[in-house]
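*Asks:* Structure of the sequence below:
(one chain, ligands or ions: 1)
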Amino acid sequence: MDYLAALKDGHHAGQEKLTLLSRIAESIDGQQEPAGLRGQFQEVFNFFDGEMERHFRQEEKGLFPALVSAVGRAGVVSAMLEEHHSIWRAVDAMDEQLSEIETASSADRKRIAQSVKMVARHIAGLLRSHIEKEDTMLFPLAERVLSQETLKDVATEIERQAGG
Ligand SMILES: [Fe+2]
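*Replies:* Got it, this is the predicted structure:
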């Protein structure tokens with residue numbers, strides 16, 4: 001599979017996980033005892049720390065610099081990079097809330113669970129629009145301005161980094 005196709009594939013995986021994330025978030029209100037929330041979100045966090053982290057790194061080390069060389073730093077590339085940072089900030093915030101809830105009194109647990117719900121919704125929204133922008137703007141731009149040879153070089157470099 002070529003490099004762009006592999007990134008597009010990663011977006012499909014991302015869409016599935018954000019659907020799961022939304023589903024769990026929307027189930028919080030119906031839960032009597034929201035203490036075990038970290039466990040409920042475990043699969044989603046495994047995705048953030050695994051596939052998503054790898055995917056972002058592949059874009060940041062490969063596609064983004066190649067696009068910057070071709071079209072400059074301004075515009076969609078820096079916007080996508082900034083969105084990666086926003087997503088990580090929200091994931092960190094959610095991680096902190098899930099830790100907080102484990103030691104909170106039962107009165108506080110409900111309140112923190114509401115914050116978890118809000119930040120989970122926020123992450124799902126960020127990811128959804130981020131994937132859409134990359135699919136509809138970034139990848140078509142890459143297909144227009146990057147040669148097959150450049151894309152091949154980028155893929156080789158990423159494989160080299162992953163191996164070392
Ligand atoms: Fe992406």
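
*Asks:* Let me see the ranges of the helices in this protein.
*Replies:* Assigned helices in the chain, in chain order: 3-27, 37-40, 42-47, 53-58, 64-71, 76-103, 106-133, 139-145, 148-163 (criterion: DSSP state H).

*Asks:* Check those helices for me: which has the lowest mean pLDDT.
*Replies:* Of all those, helix 148-163 carries the lowest average pLDDT, namely a mean of 87.

*Asks:* what's the angle between it and helix 3-27?
*Replies:* Helix 148-163 and helix 3-27 are oriented at 60 degrees to each other (axes from the mean of the first three to the mean of the last three C-alpha atoms, to 10 degrees).

*Asks:* so how many other residues sit close to the residue nearest to residue 99 when sequence neighbours are not counted?
*Replies:* Ranked by C-beta to C-beta, 6 or more residues apart in numbering and with sequence neighbours excluded, the top spatial neighbour of residue 99 is residue 38, at 7.7 Å. Glycine gets a C-beta too; all of them are placed from N, C-alpha and C. Residues near residue 38, counting by other C-beta atoms under 10 Å, number 16.

*Asks:* pretty sure residue 38 is touching residue 97, no?
*Replies:* No. Between residue 38 and residue 97 there is no contact under C-beta atoms under 8 Å: 9.7 Å.

*Asks:* circling back: residues touching the residue nearest to residue 99, list them.
*Replies:* With contacts defined as C-beta atoms under 8 Å, 6 or more residues apart in numbering, residue 38 is in contact with 45, 98, 99, 101, 102.
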